[in-house]
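3D, please:
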Amino acid sequence: MLNQKLIDDVQRWISQDPDPRTVAQLQKLLEEAQADPVSAQVLADSFSGSLQFGTAGLRGALGPGPNRMNRITVLRAAAGLGNYLIGAGFVNQLVVIGFDARHNSAQFAQDTAEVLAGVGFRVAIFGDVVPTPVLAFTILDQQACAGVMVTASHNPASDNGYKVYLGDGRQIIAPIDTDISQHIAQVSDVGLLARSHDIVTLGQDALTRYVETTAQIVSTGPIPRDEIEAVRYVYTAMHGVGYRTFAYVMSHAGFGAPDCVVEQQHPDPDFPTTAFPNPEEEGSLDLAIALATSTQSQIIIANDPDADRLAVAIPDESGVWQQLCGDDVGALLGWWMIERARRMETPIVGTFANSLVSSTLLKQIAQSARLQFEQTLTGFKWVSRVPELRFGYEEALGYCVDPEHVRDKDGISAAMLILEMFAALHADGKTFFSVLDELSRKFGLYKTSQLSIRVSQVSEIESTMDHLRHSPPEWLGAFEITNVIDLALGSHLPVTDGLIFILKSMNRFTSARVIVRPSGTEPKIKCYIEIVIDRQIQHAKSVADQVMSEIKNAMQPLLESHR
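This next block holds a predicted model:
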């Protein structure tokens, strides 16, 4: 039996919902919930709270109700953002809006544009789908006071999201998210919001400015054009919006056309070939590997659906395709930024940065070139804020190689530099693996890996973190934990929900750490492991693999037992 408050909440929602599809869904749920416990539970969950507007904006499952992504949720968010910007003194300034190809993205973007125009902002919206980095670029290029990107990045097809940037081209951070949330909470009826169609549509010119600016990095770089043209590569857009922009950039930079995974080349909001369109997921590159094998390509490039992330795969000495982890790609890009500056005989200045959960090898690479290094909290909203940033990355396949123009992760510009590096190394008879080996001989072997547990309820993450926080393990298998750092209590970084376990050094490794934290974008609890083995140790790779396996085997039950 449904309680009357829930019925009243549903009826109020229906009365102001401008979307006939979600109205029909709610009416059907309300009718079925009278006798069906499953429908009653779905209905109750849809109204159990509101999607929280945080430093990543909004992200959640599509559907009716305040706890879902829908037109009312987006209209309220747009109104809250507009009132925040007015209060911050940005009256009558420009806001730019982009969207990907997910279900309802175009509608959510249009609703946002009309609400912001309705309160007096000059609004420019892209006329077609664009990658997230293009939106981030355009904010700076057009000198906007803010930007909105409608995307759920690499989440499943059932989700959508809403990412907010300010005029500095960076994603918002606290307390701005709280201020916007307070304005959102004051919106009682979206039917009363002022709306306007006085909106400018951004066309090909805006995309061309991103393409030309990005391509110029390589087209004016140190590698001869014939070496760049010779690279044979496979590309997959993972059913997202990256292909068109990626192809334009590579062509302008001097690369040949990619061999594309046709099944994943064009936008498809249902992501039919993959349940989780995230290039980190096991099996996500299977189609690309099959194509690369048949075409005898040299390297695979993959973007996630909004093209802000990059995955890379290359064949090993025996011809077996290997996907590089995010930390390997980050180390390679950091090394290449320094190496290409040397080849161009130009000084490299600024700061390298990566997130807490990423490998500490980048620090060694930066300091060897007398560059500054800074560690940040997880998330590009933090990496992008490092003063004088020259290069930044986080292990979850996010890289910022051109912070002057894109102050966010950009899977397209990063792919371009990866291909440039590949061309240069190939001409010298080297590979990515040989560079990584050289770094290991110089700094030691830095082995990283990740363990993720997907959950069905957020409460499961909370209970696991609570148990680990109050009853931390003393050992992980045969390895003693000598220190536990609770990031919620403060450290050299701002307070965050996370734990660091420091393992006692021993003859099998120089140092090792395990970081546990909730995912910021998915219903997962994540465990990040780094092992550093001295370069003098024989068979360091096999030792690292064995130690990593032992630590993972010890952590798995700890992450699962309190769900």
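
shouldn't residue 120 be in contact with residue 91?
Yes. Look at residue 120 against residue 91 with CB atoms under 8 Å: they come within range, at 6.3 Å. Backbone N, C-alpha and C define where each C-beta goes, glycine included.

residue ranges with poor pLDDT in the chain?
1, 55, 537, 561-563 (pLDDT under 70).

Would you map the helices across the stretch 301-450 of the chain?
Here the stretch 301-450 of the chain has its helices, by DSSP state H, counting those that start in this stretch, at 326-344, 361-368, 380-383, 411-427, 432-443.

Of those helices, which is nearest residue 215?
helix 411-427 (7.2 Å; CB to CB).

Can you point out the buried residues in that closest one?
411-425 (16 or more other CB atoms under 10 Å).

who wins for proximity to residue 252 among the helices of the stretch 301-450 of the chain?
Across the helices of the stretch 301-450 of the chain, closest to residue 252 is helix 411-427 (CB to CB), at 9.6 Å.

now that closest one against helix 326-344, angle please.
70 degrees (axes from the mean of the first three to the mean of the last three CA atoms, to 10 degrees).

Helix 432-443 and helix 411-427, what's the angle between them?
Using the same axes, to 10 degrees, helix 411-427 lies at 90 degrees relative to helix 432-443.

before we move on, back to that, give me the more crowded residue out of residue 120 and residue 91.
Between residue 120 and residue 91, counting by other CB atoms under 10 Å, residue 120 is the more crowded of the two (16 against 12).

where does that one fall, helix, sheet strand or coil?
Of the three states, residue 120 takes coil according to DSSP: H, G, I helix; E, B strand; the rest coil.

now, among the buried residues of helix 411-427, which is nearest to residue 355?
Nearest to residue 355 among these, with distances taken as CB to CB, is residue 414, at 15.4 Å.

The closest one and residue 28: what is the separation?
45 Å (CB to CB, to the nearest Å).

swap in residue 545?
For residue 545 relative to residue 28 (CB to CB), the value is 53 Å.

Repeat that for residue 355.
43 Å.

do the same with residue 67
18 Å.

Could you do residue 531 as well?
53 Å.

who has more neighbours, the two?
residue 531 (25 against 12).

right, and residue 180 touches residue 58 too?
No. Counting by CB under 8 Å, residue 180 does not reach residue 58; the two are 10.3 Å apart.

and for the two, which residues touch both?
residue 77 (CB atoms under 8 Å, 6 or more residues apart in numbering).

re earlier: can you tell me which of the buried residues of helix 411-427 is closest to residue 243?
Of the buried residues of helix 411-427, the one sitting nearest to residue 243 (CB to CB) turns out to be residue 412, at 10.3 Å.

residue contacts, that closest one?
Going by CB under 8 Å, 6+ apart, the list of residues near residue 412 reads 131, 133, 214, 242, 245, 246, 249, 303, 307, 310.

switch to 10 Å and redo it
131-134, 210-211, 214-215, 242, 245-250, 301, 303, 307-308, 310, 401, 406 (CB atoms under 10 Å, 6 or more residues apart in numbering).

Report the buried members of those residues.
Using 16+ other CB under 10 Å, the buried ones in the contacts of residue 412 are 131-134, 210-211, 214-215, 242, 245-250, 301, 303, 307-308, 310, 401, 406.

Break the chain down into its structural domains.
Here the domain parsing of the chain from automatic domain parsing is 49-202, 208-440, 444-560.

TSV please, covering these and showing distance to residue 13.
TSV is the format used below for those (distance: least, CB to CB, whole Å):
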stretch	distance to residue 13
domain 49-202	7
domain 208-440	24
domain 444-560	22
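
can you tell which of the ones you listed is closest to residue 20?
domain 49-202 (10.4 Å).

what about that closest one, how long is it end to end?
36 Å (CA to CA, to the nearest Å).

what do you get for stretch 532-541?
10 Å.

Now do the residue lying closest to residue 383 once chain neighbours are set aside: how many residues are near it, please.
Nearest non-adjacent residue to residue 383, counting by CB to CB, 6 or more residues apart in numbering: residue 392, 4.1 Å away. When neighbours are counted by other CB under 10 Å, residue 392 registers 31.

Distance check, residue 392 against residue 106.
From residue 392 to residue 106 the distance is 31 Å (CB to CB).

what's the closest non-adjacent residue to residue 312?
Looking at residue 312 with CB to CB, 6+ apart, the closest residue is residue 324, at 4.9 Å.

With residue 340 instead?
Using CB to CB, 6+ apart, the closest residue to residue 340 is residue 222 (5.5 Å).

Next, the contact list for the one you found, please.
Contacts of residue 222 (CB under 10 Å, 6+ apart): 339, 340, 341, 342, 343, 344, 345, 346, 420, 424.

and the first one, what does it touch?
With contacts defined as CB under 10 Å, 6+ apart, residue 339 is in contact with 222, 332, 348, 369, 421, 424, 425, 435.

Using PDB, write out the CA atom coordinates for stretch 10-22.
Coordinates of each C-alpha in stretch 10-22 appear next as PDB, following Å, rounded to 0.1, in the frame of the first residue of the first chain:
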ATOM      1  CA  VAL A  10       4.000  11.900  -7.600                       C
ATOM      2  CA  GLN A  11       0.900  13.900  -8.600                       C
ATOM      3  CA  ARG A  12       2.700  17.200  -8.000                       C
ATOM      4  CA  TRP A  13       5.600  16.000 -10.200                       C
ATOM      5  CA  ILE A  14       3.200  14.900 -13.000                       C
ATOM      6  CA  SER A  15       1.500  18.300 -12.800                       C
ATOM      7  CA  GLN A  16       4.700  20.200 -13.800                       C
ATOM      8  CA  ASP A  17       6.500  17.600 -15.900                       C
ATOM      9  CA  PRO A  18       6.900  18.900 -19.500                       C
ATOM     10  CA  ASP A  19       7.900  15.500 -20.800                       C
ATOM     11  CA  PRO A  20       5.000  13.300 -21.900                       C
ATOM     12  CA  ARG A  21       7.200  10.200 -21.800                       C
ATOM     13  CA  THR A  22       8.200  10.500 -18.100                       C
END
